[in-house]
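Colleague: I would like the atomic coordinates for the input below:
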Amino acid sequence: MQYVSLVPRPPLDGLIDDLYYLEGTPPYPRLRLPPMPAALFVLNLGPPFRIRAGAGTDGYDDGCVITTPTRAFEFGYPPGTRSVGVHFKPWGLAPFLGMPAAELRDLPVTVEQIWGRAAVAELRERLALAAGPGEMLALLESELRRRLTGTGGLRLTATGGLSLRRLDETSGLELVRHVSGVIVATGGTAAIGDLSEAAGVSSTYLAQRFKALVGVTPKRLARTYRFASTLLSIDPARPVDWSELAGRAGYFDQAHFGHEFRAFTGLTPTRYLEIRRRFLREHPGHVLDGWPLPAD
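Modeller: Numbers count the residues shown, from 1 in each chain. Model prediction:
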């Protein structure tokens, strides 16, 4: 598979981790994606793909939007999949969404439902005519900048750049970004009550702003950050001391860690390690190795 990544220019870099292009045949027909502290936007340019969320499975022709998840999703990719997408920071999707993020929690929706059929069709047509992945990602970045400016939440600076304005003032975006930064810096172990007190707001107000902009409470986001950072620290090629790993990550004990593991992935830690090792064995050096897992 081909995977091309681009970090956008300011101010999008304050909302987005990267833009990406993905093309080729996936290593497995179905991939399980454990929850990450991020929102996902996928604009499909190839055959429809399928997403299993909970008990239901739906097809997505134009793409999908997923706010910060609380559980694993299962993606079914066809041969010859082709798409561009955005890995948003947890709060980064909010200016492009037009509704409280909590309304879409663990509920993937089509891009058309968010941006409208005509706009999505026009963007997909422009992307289809692009010369290659680099031009596609430049087009996507330009569209996101246009939409962000159109919210009324940006203004031009004296140097010709863009800076956030009313988005911060009216939605609490800067508050959520700041508190999220502390959560990241502490590996998800910070006491949320201390964070709200330091920010000068009530815990109720902070939770409301997080649910509106991120889709989950700050406590839930902290849990996700801690779990994701712990998972990414595992080297499947080496033996894993689960008790030591749980203690280093700040979990109460190994049983607490195992409970969190099953809650986030539906797998036990040992089963997860077996699946990761299978991926390594069957597809060494694959561009997708590290987070998605074979689901079949």
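
Colleague: regarding this protein, what is its longest helix?
Modeller: Identified as the longest helix of the chain according to DSSP state H is helix 133-150.

Colleague: pLDDT on it, on average?
Modeller: The average pLDDT within helix 133-150 is 94.

Colleague: now the strands for the stretch 1-150 of the chain?
Modeller: Counting by DSSP state E, counting those that start in this stretch, the segments of the stretch 1-150 of the chain that form strands are 2-6, 16-24, 30-33, 39-44, 49-53, 56-60, 63-66, 73-76, 81-88.

Colleague: now the ones you listed as TSV including mean neighbour count and mean pLDDT?
Modeller: All C-beta spots, glycine's among them, are computed from the backbone N, C-alpha and C. Formatted as TSV, the strands of the stretch 1-150 of the chain follow (neighbours: other CB atoms under 10 Å; pLDDT from 0 to 100):
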stretch	mean neighbour count	mean pLDDT
strand 2-6	14	95
strand 16-24	19	96
strand 30-33	19	93
strand 39-44	23	96
strand 49-53	17	89
strand 56-60	13	78
strand 63-66	25	94
strand 73-76	20	92
strand 81-88	21	96
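
Colleague: closest one to Pro269 among these?
Modeller: With CB to CB as the measure, strand 30-33 is the member of those nearest Pro269 (14.9 Å).

Colleague: what does that closest one rub up against?
Modeller: Contacting residues not belonging to strand 30-33 are listed as 52, 72-77, 265-266, 288, 291-296 [CB atoms under 8 Å, 6 or more residues apart in numbering].

Colleague: can you list the strands that it pairs with?
Modeller: Sheet pairing of strand 30-33 (DSSP bridges) gives strand 73-76 (antiparallel), strand 293-294 (antiparallel).

Colleague: next, the buried residues of the helix or strand harbouring Ala255.
Modeller: Element membership for Ala255, per DSSP states H and E: helix 254-265. Neighbour-count burial for helix 254-265, counted by 16 or more other CB atoms under 10 Å, picks out 254, 257-258, 260-261, 264-265.

Colleague: and the longest helix of the chain, what does it pack against?
Modeller: Counting contacts by 3 or more CB pairs under 8 Å, 6 or more residues apart in numbering; DSSP states H and E, helix 133-150 is packed against strand 2-6, strand 16-24, strand 81-88, helix 117-128, strand 162-164.

Colleague: show me where this protein dips below the pLDDT cut-off.
Modeller: Applying pLDDT under 70 to the chain flags residues 54-57, 151-170, 296.

Colleague: apply 90 and report the result again.
Modeller: Along the chain, segments meeting pLDDT under 90 span 52-60, 71, 77-80, 98-99, 149-172, 184-191, 250, 252, 288-291, 295-296.

Colleague: any idea how far Gly266 is from the residue nearest to Leu213 when sequence neighbours are not counted?
Modeller: Excluding its sequence neighbours, the residue lying closest to Leu213 (CB to CB, 6 or more residues apart in numbering) is Ala94, at 4.2 Å. In this view, Ala94 and Gly266 are 28 Å apart by CB to CB, to the nearest Å.

Colleague: these two: which has the busier surroundings?
Modeller: Comparing Ala94 with Gly266 by other CB atoms under 10 Å, the one with more neighbours is Ala94, at 27 against 15.

Colleague: ok so, going back, I'd like the strands of the stretch 1-150 of the chain as CSV, with distance to Ala119 appended.
Modeller: As requested, those are exported to CSV (distance: least, CB to CB, whole Å):
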stretch, distance to Ala119
strand 2-6, 22
strand 16-24, 18
strand 30-33, 27
strand 39-44, 11
strand 49-53, 21
strand 56-60, 17
strand 63-66, 12
strand 73-76, 24
strand 81-88, 15
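
Colleague: what's the closest of the ones you listed to Val184?
Modeller: strand 16-24 (11.9 Å).

Colleague: so which other helices or strands are in contact with the closest one?
Modeller: Packed next to strand 16-24, using 3+ CB pairs under 8 Å, 6+ apart, are strand 2-6, strand 81-88, helix 133-150.
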